[in-house]
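Asker: quick one, what's the 3D model for this:
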Amino acid sequence: MSFTAAVITVSDKGANGERKDESGDALERLLIDVGAVSVARVMVPDERDQISAVLREYCCEKKVDLVITTGGTGLTTRDVTPEATRDVIDREAPGIAEAIRAQSMKITPRAMLSRSVSGVCGESLIINFPGSPKACAESFAVVRPVLGHALELLGGAGGECAR
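Answerer: Numbering: from 1, shown residues only. The predicted structure is shown next:
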């Protein structure tokens with residue numbers, strides 16, 4: 001499977017240069033390992049309009065196949081990544097976020113506090129991941145088995161999901 005991807009790190013501290021983007025680094029490595037031919041990297045503060053604008057840029061203008069966000073999915077008032085994602089998606093793909101939460105609940109009960117969403121914008125798949133490198137790796141392991149098929153479907157190939 002080869003595809004294009006973008007990793008959008010949502011972090012006030014990261015955008016201000018106060019924190020290294022370890023989650024973005026981890027996700028880039030994982031994406032390359034599964035066949036991403038390019039991985040764009042962007043860091044934005046926890047600002048809904050800025051997050052939405054970057055999502056639109058990568059989905060609608062640059063037309064990458066997959067966009068993964070990391071960070072901004074918790075309960076604080078600054079955590080607005082799910083709202084920004086809903087601003088741009090055409091359709092939700094709730095099973096992805098549900099599967100990530102279900103698997104994460106086996107590791108920590110705090111996973112139930114995640115408000116992550118996933119969905120489709122044009123022909124791009126957007127998945128919200130947590131902000132920690134460890135949680136990103138765990139979440140990626142959940143979606144990895146279906147990622148190729150999902151991207152094939154969005155690209156117009158692949159057939160049906162049911163077997």
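Asker: name the nearest residue to residue 125, sequence neighbours excluded.
Answerer: Spatial nearest neighbour of residue 125, chain neighbours left out: residue 66 (5.2 Å); criterion: Cβ to Cβ, 6 or more residues apart in numbering. All C-beta spots, glycine's among them, are computed from the backbone N, C-alpha and C.
Asker: and the one you found, bridged to which residues?
Answerer: Following DSSP bridges, residue 66 is listed with bridge partners residue 5, residue 125.
Asker: out of the helices and strands in this structure, which is least certain?
Answerer: Taking mean pLDDT, DSSP states H and E as the measure, the chain has helix 12-15 as its least confident helix or strand, at a mean of 91.
Asker: using CSV, write out the CA atom coordinates for it.
Answerer: The C-alpha trace of helix 12-15 is given here as CSV (Å, rounded to 0.1, in the frame of the first residue of the first chain):
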residue,chain,number,x,y,z
ASP,A,12,0.0,25.3,22.3
LYS,A,13,3.4,24.6,23.8
GLY,A,14,4.6,22.9,20.6
ALA,A,15,3.5,25.7,18.4
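Asker: what packs against it?
Answerer: Using 3 or more Cβ pairs under 8 Å, 6 or more residues apart in numbering; DSSP states H and E, the elements in contact with helix 12-15 are strand 36-44.
Asker: show me what secondary structure element comes after the strand it packs on.
Answerer: Using DSSP states H and E, the helix or strand that follows strand 36-44 in sequence is helix 48-56.
Asker: convert that following helix to PDB, retaining C-alpha atoms only.
Answerer: Extracted C-alpha coordinates of helix 48-56, given in PDB (Å, rounded to 0.1, in the frame of the first residue of the first chain):
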ATOM      1  CA  ARG A  48     -10.300  25.600  16.300                       C
ATOM      2  CA  ASP A  49     -10.100  27.900  13.200                       C
ATOM      3  CA  GLN A  50      -6.500  27.200  12.700                       C
ATOM      4  CA  ILE A  51      -6.900  23.400  13.100                       C
ATOM      5  CA  SER A  52      -9.900  23.500  10.600                       C
ATOM      6  CA  ALA A  53      -7.900  25.500   8.100                       C
ATOM      7  CA  VAL A  54      -5.000  23.100   8.100                       C
ATOM      8  CA  LEU A  55      -7.300  20.100   7.800                       C
ATOM      9  CA  ARG A  56      -9.000  21.700   4.800                       C
END
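Asker: so which residues of this protein form strands?
Answerer: For the chain, applying DSSP state E gives strands covering 3-10, 36-44, 66-70, 91-92, 118-121, 124-129.
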